[in-house]
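> here is a sequence with its predicted model. Questions after.
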Amino acid sequence: MRKLLILLTITVPALITGVNIYGQTKVWTLQDCVAYAIGNNISLQQSRNSYYSGLEDTYQAKAAMLPSLSASASQGLSNRPFSDTGTSSVVGSNVYSTSKSTSYSGNYGLNAGVTLWNGGSLRTALRQQRVQNSIDSLAVQETANDIVIAIVQAYVQCLYSRDAVSVSESNERASRAALDRAVEMKNAGELSKVDVALLVSQHASDVYQITSAKVTLDNSLLQLKQLLELGINDEIALAAPEDEEAEILTLLPSKEEVYNEAMEAMPEIKKAGLSVDAADLAVRQAKTSAIPSLSASAGVSTTNVSGSSSTIASQIEKNFSESIGLNLSIPILQGRRARTAVNKAKIAAENTRLQEISVGKALLKEVESAYLDAVSARSRYISAKEQVKYAEQSYEYTSEAFKVGKKNTVEMISAQNSLLDARVSLLQAKYNALLGNILLDIYQGKYNIKG
């Protein structure tokens with residue numbers, strides 16, 4: 001598609017629309033439209049964010065393989081207002097009791113743990129996440145491809161609609177000239193009012209066709225504008241291609257070549273293959289739930305409490321303790337959960353393999369259809385050019401004969417309509433051929449889309 005993108009970027013572009021009330025309307029090439037959509041499309045941005053979110057999961061899966069370390073500290077206050085314990089003193093003949101009902105305590109600890117063996121579950125989880133990152137990256141490319149195709153189709157439709165307006169205006173001018181000549185002939189007594197009425201009706205129809213073509217152009221531009229997600233006050237004008245015929249008549253590669261390159265280039269094919277890898281890892285992960293796991297732990301702790309004859313520092317030193325341990329977990333009876341998980345993972349993996357085959361067949365169908373459309377449009381373009389040439393010759397002959405009274409009004413109108421139909425057919429074939437060439441380039445990965 002790169003050649004066509006360059007082709008559409010010209011130094012002094014022909015404008016589809018003019019200047020809006022807000023100032024000079026920006027002229028967009030196809031390259032501009034694609035680049036803008038890749039950078040600003042909301043769906044594509046959401047797809048990128050999903051990829052970035054997956055990267056965070058990978059960082060977490062990698063960190064899960066490292067030892068864990070946590071610290072704890074607590075300070076408490078205990079109050080016992082009805083305690084019988086305390087000290088007493090004698091004043092004269094009376095004894096007074098002082099209760100010790102309030103105390104402070106503290107606990108401090110540092111704990112570490114590490115998984116020594118769990119059947120490779122952590123390593124498998126990390127591999128799963130890395131494969132998923134690759135899948136998410138390809139999903140971004142796939143979304144970008146879809147956006148580019150939609151932009152290209154809308155852009156080419158706008159170019160066709162613009163040329164259709166030009167053809168309608170040219171046809172109206174010819175119709176006006178025929179009507180003016182008919183009026184002169186009527187005034188000279190060479191033509192009846194009925195014949196003039198037929199040409200008036202024809203001219204009115206041609207004026208309507210201009211209006212209809214302009215409405216179609218406006219709608220096409222609106223669709224492109226919406227695909228670009230521009231604001232309500234944003235107006236666009238499109239650069240027109242030059243030397244389209246050279247691009248249309250470029251030798252096409254074989255259908256087999258296009259398909260083989262598409263199998264290598266299209267992201268959905270690579271994504272389907274990676275999905276199979278991810279499914280196989282899911283089976284391996286499910287099997288780890290029935291495997292014993294071994295972990296190690298270590299910790300240090302100390303405490304202190306008020307009311308003791310020792311200082312806080314002395315208590316912390318005396319109460320300091322260290323611990324280390326191993327924990328072995330052996331699954332014995334799990335209510336068949338592990339076997340069920342493994343079997344379901346295997347079924348899911350088989351479905352993923354079937355989906356990979358389905359994706360390949362769907363791509364083959366798309367490539368064959370696009371290739372047939374491109375070849376057919378190319379053939380129709382060549383035929384339509386010949387048809388226009390002969391229709392122009394016929395119209396010129398009929399027009400000259402009508403002026404001297406050798407052709408009647410019906411024959412004149414028929415020749416004019418035949419020329420219009422031929423020109424419209426040529427436009428359709430021309431832009432269908434251009435679009436077909438672009439789509440084949442996209443399938444072959446010849447346009448580098450950076451998501």
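Perfect, I can see it now.
> what's the helix or strand encompassing V258 packed up against?
Using DSSP states H and E, V258 sits in helix 255-265. Here helix 255-265 touches helix 337-403, helix 409-443, going by 3 or more C-beta pairs under 8 Å, 6 or more residues apart in numbering; DSSP states H and E. Where you see a C-beta, it was placed from the backbone N, CA and C, and this is true even at glycine.
> deepest-packed of those helices, please.
Burial of those is given as mean neighbour count (mean count of other C-beta atoms under 10 Å); helix 409-443 ranks first at a mean of 21.
> and it, what does it pack against?
Counting contacts by 3+ C-beta pairs under 8 Å, 6+ apart, helix 409-443 packs against helix 2-8, helix 121-187, helix 193-227, helix 244-248, helix 255-265, helix 337-403.
> just want the most central residue of the protein.
Nearest residue to the geometric centre of the chain (C-alpha atoms, centre = their mean): T143, 2.4 Å.
> find the nearest non-adjacent residue to it, please.
Spatially, and ignoring its direct neighbours in sequence, T143 is nearest to S47 (4.5 Å; C-beta to C-beta, 6 or more residues apart in numbering).
> likewise E411?
T398 (5.9 Å).
> any idea how far E142 is from the one you found?
Using C-beta to C-beta, to the nearest Å, T398 is found at 54 Å from E142.
> cool, G109 as well?
Relative to E142, G109 is positioned 51 Å away (C-beta to C-beta).
> again with R378
28 Å.
> do the same with L281
Counting by C-beta to C-beta, the gap from L281 to E142 is 22 Å.
> and if you look at A391?
If you measure A391 against E142 using C-beta to C-beta, the figure is 44 Å.
> again with S399
For S399 relative to E142 (C-beta to C-beta), the value is 54 Å.
> now D32
Counting by C-beta to C-beta - D32 and E142 are separated by 23 Å.
> please apply the same query to D136.
10 Å.
> just S192 next, same as before
Distance from S192 to E142, by C-beta to C-beta: 66 Å.
> more neighbours, those two?
A count of neighbours by other C-beta atoms under 10 Å puts E142 above the other of S192 and E142, at 19 against 13.
> tally of neighbours for the residue nearest to the more buried one when sequence neighbours are not counted?
Counting by C-beta to C-beta, 6+ apart, the nearest residue to E142 once its immediate chain neighbours are dropped is P267, at 4.5 Å. Neighbourhood size, P267 [other C-beta under 10 Å]: 20.
> quick one: P267 and D136 touch, right?
No: P267 is beyond contact range of D136, at 11.0 Å (criterion: C-beta atoms under 8 Å).
> L434 contacts V156, correct?
Yes: between L434 and V156 there is a contact under C-beta under 8 Å: 6.1 Å.
> elements contacting the top strand by length along the chain?
Across the chain, the strand with the greatest residue count (assigned by DSSP state E) is strand 102-117. When contacts are defined as 3+ C-beta pairs under 8 Å, 6+ apart, strand 102-117 sits against strand 68-79, strand 293-305.
> point out the most buried one among those strands.
Highest mean neighbour count among these (mean count of other C-beta under 10 Å): strand 293-305, with a mean of 16.
> now it and strand 68-79, what's the angle there?
Orientation check (axes from the mean of the first three to the mean of the last three C-alpha atoms, to 10 degrees): strand 293-305 against strand 68-79 gives 30 degrees.
> name every strand pairing with strand 293-305 and say which way it goes.
Strand 293-305 pairs in its sheet with strand 102-117 (antiparallel), strand 321-329 (antiparallel), by DSSP bridges.
> most neighbours per residue, which of those strands?
strand 102-117 (a mean of 15).
> just the angle between that one and helix 121-187, please?
80 degrees.
> how close does T216 sit to N145?
To N145, T216 is 27 Å away according to C-beta to C-beta.
> quick revisit: save the helices and strands packed on helix 409-443 as a markdown table, and put in mean pLDDT and distance to A272 too.
Putting the helices and strands packed on helix 409-443 into a markdown table (pLDDT from 0 to 100; distance: least, C-beta to C-beta, whole Å) gives the following:
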| stretch | mean pLDDT | distance to A272 |
| --- | --- | --- |
| helix 2-8 | 37 | 26 |
| helix 121-187 | 93 | 9 |
| helix 193-227 | 93 | 27 |
| helix 244-248 | 74 | 32 |
| helix 255-265 | 93 | 11 |
| helix 337-403 | 93 | 4 |
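> mind putting the ones you listed in JSON lines, distance to N319 included?
JSON lines is the format used below for the helices and strands packed on helix 409-443 (distance: least, C-beta to C-beta, whole Å):
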{"stretch": "helix 2-8", "distance to N319": "75"}
{"stretch": "helix 121-187", "distance to N319": "36"}
{"stretch": "helix 193-227", "distance to N319": "71"}
{"stretch": "helix 244-248", "distance to N319": "86"}
{"stretch": "helix 255-265", "distance to N319": "69"}
{"stretch": "helix 337-403", "distance to N319": "44"}
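> sounds good, over and out.
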